[in-house]
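*Asks:* make a model of this:
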Amino acid sequence: MAVAGTVFAGDLAGKNVIVTGGSRGIGAATAIACAQAGAAVVMIVARSADHLDLTARAIAEAGAEPVPRVCDVTDGVAFARVLEDLESVDVLVNSAGANQPEPFADVEVATFERLWRLNVGATFFASQAVARRMIAVEKAGVIVNISSQMGHVGAAKRTVYCATKHAVEGLTKALAVELAPHGIRVLSIAPTFVRTAMTAAQLDDPVIGADLLGQIPLGRFATPNDVAAAVVFAASERAALFSGSSLIIDGGWTAK
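*Replies:* Numbers count the residues shown, from 1 in each chain. Purely as a prediction, here's the structure:
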């Protein structure tokens with residue numbers, strides 16, 4: 001498995017990190033980057049065991065203790081039980097998410113509910129469970145939400161996704177304000193289209209991919225490593241006064 005891009009080796013020294021959606025794609029790259037940045041323990045949570053062991057091995061090779069756990073993060077009770085496997089939590093990265101592009105007129109209730117439950121509900125309740133732990137032991141920490149450039153703009157065939165990511169951005173701001181007295185920072189990372197195994201077919205399509213790429217002034221799609229490096233920065237002391245902010249890594253998409 002490819003490891004994340006350049007990070008500062010001591011940025012997360014000794015930290016205990018949880019990454020949801022951590023078995024592949026952005027989540028896996030983030031988990032490995034956190035290990036490279038000096039994290040002591042990296043828990044990766046995913047709804048299936050696929051790829052968990054592979055990512056866990058990469059975390060171990062990067063110098064951290066991997067704690068792979070199979071858990072559906074939309075089940076708040078199950079996630080709270082998973083948290084018991086860590087003595088403490090310093091950083092939570094809410095990376096689990098999904099999209100289903102389709103015309104607004106064709107969106108079904110089941111699709112709407114599935115995306116809201118995962119993109120918003122899981123982020124909300126995972127953050128709540130971790131914040132409760134941090135507050136109970138009077139421990140400062142960081143919550144990083146993986147959002148999207150679509151949390152800042154609109155797009156055709158992405159009504160539900162845009163709505164959920166705008167909600168994540170609002171949640172990030174509200175949590176940053178409410179949790180600040182406890183020393184808990186909350187940020188979002190908002191990437192443009194990210195090339196992963198799941199998106200490669202779309203991004204490599206000569207029509208669809210070319211149209212999307214043409215809307216990115218810097219002329220390239222993001223990689224999981226781009227996102228991972230931003231997460232490590234956001235969770236580190238180098239970003240000590242960042243909270244309630246969205247780090248938009250979109251190659252200039254939203255600047256237009």
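
*Asks:* how about the strands in the stretch 1-150 of the chain?
*Replies:* 16-20, 41-46, 65-70, 91-94, 141-146 (DSSP state E, counting those that start in this stretch).

*Asks:* so where is the stretch 1-150 of the chain shaky, pLDDT-wise?
*Replies:* 1-7 (pLDDT under 70).

*Asks:* can you give me the helices in it?
*Replies:* 25-36, 52-61, 76-83, 109-115, 123-136 (DSSP state H, counting those that start in this stretch).

*Asks:* now the strand ranked longest in the chain: how far from the chain's centre is it?
*Replies:* In the chain, with assignment by DSSP state E, the single longest strand is strand 184-191. How far strand 184-191 lies from its chain's middle: 9 Å, per C-alpha atoms, centre = their mean, to the nearest Å.

*Asks:* tell me which residues in the longest helix seen in the chain are buried?
*Replies:* Looking across the chain with DSSP state H, the single longest helix is helix 159-179. Buried residues in helix 159-179, defined by neighbour count with 16 or more other C-beta atoms under 10 Å: 159-169, 171-173, 175-176, 179. To be clear about C-beta, it is placed using only N, CA and C from the backbone, and glycine gets the same treatment.

*Asks:* pretty sure Lys139 is touching Val91, no?
*Replies:* No: with contact defined as C-beta atoms under 8 Å, Lys139 does not count as touching Val91 (11.2 Å).

*Asks:* quick check on these two: which one has the bigger neighbour count.
*Replies:* Val91 (24 against 14; other C-beta atoms under 10 Å).

*Asks:* check contacts around that one.
*Replies:* Residues counted as contacts of Val91 (C-beta atoms under 8 Å, 6 or more residues apart in numbering) are 12, 15-18, 34, 39, 141-144, 235.

*Asks:* need those in JSON lines with distance to Ala62, can you?
*Replies:* Output for these, formatted as JSON lines (distance: C-beta to C-beta, whole Å):
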{"residue": "Leu12", "distance to Ala62": "11"}
{"residue": "Lys15", "distance to Ala62": "13"}
{"residue": "Asn16", "distance to Ala62": "15"}
{"residue": "Val17", "distance to Ala62": "12"}
{"residue": "Ile18", "distance to Ala62": "16"}
{"residue": "Cys34", "distance to Ala62": "9"}
{"residue": "Ala39", "distance to Ala62": "9"}
{"residue": "Gly141", "distance to Ala62": "21"}
{"residue": "Val142", "distance to Ala62": "19"}
{"residue": "Ile143", "distance to Ala62": "22"}
{"residue": "Val144", "distance to Ala62": "18"}
{"residue": "Ala235", "distance to Ala62": "15"}
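
*Asks:* among the residues you listed, which pair sits farthest apart?
*Replies:* Pairwise distances across the contacts of Val91 (C-beta to C-beta) peak at 15.4 Å, for the pair Ala39 and Ile143.

*Asks:* about what we covered before: and of the contacts of Val91, the nearest to Ala46?
*Replies:* Ile18 (11.7 Å).

*Asks:* from Pro68, how far off is that closest one?
*Replies:* Distance, Ile18 to Pro68, using C-beta to C-beta, to the nearest Å: 12 Å.

*Asks:* now for the two: what residues contact both?
*Replies:* In contact with both Ile18 and Pro68: Met43, using C-beta under 8 Å, 6+ apart.

*Asks:* neighbour count: those two, which is higher?
*Replies:* Ile18 (30 against 21).
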